[in-house]
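Q: Sharing a sequence plus its predicted fold:
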Amino acid sequence: MDSALEVINKIMHKHRFRHKRDVAEYFGVTPQALSIWIAKNQIPPKHLLKISEEKSLKNAQSGNNQIETPTGGSKEELQSVVNYLLRENAKLKKNLERLNKN
């Protein structure tokens, strides 16, 4: 399993970013948030999802249907992304129900 810094370095290399602030902009966060990710060695699931979507799009374009986890590995990371999506889905359903009642 790659560390948060290794994932960030791979993104820098892939997109030819020269500074970590460019990676922060890629994720839509502040450079300080990126520093916290590195210090905690954890990238939040919603941002891992962005990496995963990018890989899925690349695989779809190349005709490769193999599923890959965002950082190359752990089931825990994949499960945290799935859990995040399930929570977001539940929130959206509640909001939709509330809007339909009004």
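A: Happy to help now that I have it.

Q: for the chain, what's the longest helix?
A: helix 75-101 (DSSP state H).

Q: Show me the shaky parts of this protein.
A: Residue ranges of the chain with pLDDT under 70: 1, 59-60, 63-76.

Q: ok now the helix or strand containing Gln61, how far from the chain's centre?
A: If you go by DSSP states H and E, Gln61 is part of helix 45-62. On the basis of Cα atoms, centre = their mean, to the nearest Å, helix 45-62 sits 8 Å off its chain's mean C-alpha point.

Q: So which bits of the longest helix of the chain are buried?
A: In terms of neighbour count (16 or more other Cβ atoms under 10 Å), helix 75-101 has its buried residues at Glu77, Leu78, Ser80, Val81. To be clear about C-beta, it is placed using only N, CA and C from the backbone, and glycine gets the same treatment.

Q: Please tabulate those residues in a markdown table and include distance to Arg21 as additional columns.
A: Output for the buried residues of helix 75-101, formatted as a markdown table (distance: Cβ to Cβ, whole Å):
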| residue | distance to Arg21 |
| --- | --- |
| Glu77 | 24 |
| Leu78 | 28 |
| Ser80 | 26 |
| Val81 | 25 |
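
Q: Understood, closing this out.
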